[in-house]
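In: Sequence first, then the predicted structure:
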2 protein chains.
Amino acid sequence: MCAALKPVLYGYFRSSCSWRVRIAFALKGIEYDQFPVNLIKDGGQQLTDQYRKINPMQQVPAVCIDGITISQSLAIIQYIEETRPSGPHLLPQDPKKRAQVRVICDLITSGIQPLQNLHVLQKVGEGKAEWAKYFIERGFQALEQILVQSAGQYCVGDEISMADICLVPQVYNAARFKVDMTPFPTIKKINDTLLEVEAFKASHPSCQPDTPPDLQS
Amino acid sequence: MCAALKPVLYGYFRSSCSWRVRIAFALKGIEYDQFPVNLIKDGGQQLTDQYRKINPMQQVPAVCIDGITISQSLAIIQYIEETRPSGPHLLPQDPKKRAQVRVICDLITSGIQPLQNLHVLQKVGEGKAEWAKYFIERGFQALEQILVQSAGQYCVGDEISMADICLVPQVYNAARFKVDMTPFPTIKKINDTLLEVEAFKASHPSCQPDTPPDLQS
């Protein structure tokens, strides 16, 4: 099932977790194919029996690479980092800096994103936009404090890392939920800088194979 | 502020994320001090200004180690793994097996635990027990499928790893929310095996310095 020559990304243009993986591939200069999984159409293509075999959690992303299938964006990105030494490192070499990067990643991937993803908001029902905004703002308040200490040009010093890979898609989600970025100047500044980097541009939700024409830019 | 000779764990006896870190210290044979942060008393000691300086996210655990403070349990555990080569490895050496371990960790730490933690359930309000049960069962359905493929005696083969460190505290939470484990025989079997391992016993919520007398065993 997973025997393609190039890695295959099962993702969705607007999924922030899929975007993380696209950024990692782009930073590393790795070619890959995309297999779009439309989270809305037909009640959600991630819920089919066929896709459940790829990712039992019925979420995107999943990646077929080197004969195995990996779900969970950070597991995918760290596998890429550990098996593709070419290109820039996605984690610093110093253990203390690696810890700083991972704190930021985990704050976003376990402290913010899961609370505002599609399935959870469907469960919340009425008031879901306020719910999402609340948890993003709560996370950003902590993140802003952390970044004031750790940031240089990027989240941790002046090298792009996995923390930046997590940051930009989360700020994109914040915009969808109309979060005012004024109280988070450090997050905003780093995000603006990163959006000018080619790997972040090429992987942007606005220009993927499955981006609907009216959302393309 | 963070100049102790031994690592200091800011945690709470019943917090599953704190338990993860206690297991890691125990497996590695690392002595540490505990600084209890009572998540219930005084409206939650994690919400004080004093604690926010330790962890801006106002959650446990946080660890003061080697002159730095690290929050987020997986970041802490990976820092321990990378800086304390003594004792058993918490991640396999083979990249594909490492990916399997991380998929399981991330499924639990971003796909289950954040949806049933104290703060989120306070926001859910009425119906919070059903909410927690729903998300734990949903995650366990996926996890059971994954473990059927990956498990030996433990989550990934026959070596204890970070995946096991995440599994046992999540099964403990499942019991609190009265999740029926019958549909999850693989999870149950691995959990039962791990509960006999000394590092999991010594770190159990029932025997920590801040465990109330009526919950001690």
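Out: Done, it's in.
In: can we go C-alpha only for contacts and neighbour counts from here?
Out: Noted.
In: what about the strands in chain A?
Out: Using DSSP state E, the strands of chain A run over A:8-11, A:33-36, A:62-65, A:68-71.
In: could these go into CSV alongside mean neighbour count, distance to residue A:53 and mean pLDDT?
Out: Converted to CSV, the strands of chain A look like this (neighbours: other Cα atoms under 10 Å in any protein chain shown; distance: least, Cα to Cα, whole Å; pLDDT from 0 to 100):
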stretch, mean neighbour count, distance to residue A:53, mean pLDDT
strand A:8-11, 23, 12, 97
strand A:33-36, 16, 15, 96
strand A:62-65, 24, 11, 97
strand A:68-71, 22, 10, 96
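In: out of those, which comes closest to residue B:63?
Out: Closest of those to residue B:63 is strand A:68-71, at 28.7 Å (criterion: Cα to Cα).
In: Just checking: what are the partner strands of that closest one?
Out: On the basis of DSSP bridges, the sheet neighbours of strand A:68-71 come out as strand A:62-65 (antiparallel).
In: returning to what we had before: out of the strands of chain A, which gets nearest to residue B:15?
Out: Nearest to residue B:15 among the strands of chain A is strand A:68-71; the distance by Cα to Cα comes to 26.2 Å.
In: ok, so what distance separates the residue of chain A found nearest chain B from residue A:73?
Out: Residue of chain A nearest chain B, by Cα to the nearest Cα: residue A:110 (4.2 Å). In this view, residue A:110 and residue A:73 are 12 Å apart by Cα to Cα, to the nearest Å.
In: what about those two, which has more around it?
Out: Higher neighbour count among residue A:110 and residue A:73: residue A:73, with 26 against 21, using other Cα atoms under 10 Å in any protein chain shown.
In: How is chain A partitioned into domains?
Out: A:8-87, A:95-200 (automatic domain parsing).
In: TSV for the strands of chain A, including distance to residue A:2?
Out: Output for the strands of chain A, formatted as TSV (distance: least, Cα to Cα, whole Å):
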stretch	distance to residue A:2
strand A:8-11	9
strand A:33-36	12
strand A:62-65	6
strand A:68-71	6
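In: out of those, nearest to residue B:52?
Out: Nearest of the strands of chain A to residue B:52, taken as Cα to Cα: strand A:68-71 at 33.0 Å.
In: got the contact list for the closest one?
Out: Defining contact as Cα atoms under 8 Å, 6 or more residues apart in numbering or on different chains, one finds that strand A:68-71 is touched by A:2, A:54-55, A:60-64, A:76, B:96, B:99-100, B:103.
In: swap in stretch A:129-136?
Out: Contacts for stretch A:129-136 (Cα under 8 Å, 6+ apart): A:112, A:113, A:115, A:116, A:121, A:124, A:174, A:177, A:178, A:179.
In: thinking again about what came up before, so what's the residue of chain A closest to chain B closest to, chain neighbours aside?
Out: residue B:110 (4.2 Å; Cα to Cα, 6 or more residues apart in numbering or on different chains).
In: Start and end of stretch A:43-52, how far apart?
Out: OK, stretch A:43-52 end separation, Cα to Cα: 14 Å.
In: Just the mean pLDDT for that stretch, thanks.
Out: For stretch A:43-52, mean pLDDT is 92.
In: next one: that stretch to chain centre, how far?
Out: Between the centre of stretch A:43-52 and the centre of its chain there are 21 Å (Cα atoms, centre = their mean, to the nearest Å).
In: again with stretch A:181-192
Out: That offset, for stretch A:181-192, works out to 18 Å (Cα atoms, centre = their mean).
In: circling back to that earlier point, most neighbours among the contacts of stretch A:129-136, please name it.
Out: When neighbours are counted by other Cα under 10 Å, residue A:113 leads the contacts of stretch A:129-136 with 26 neighbours.
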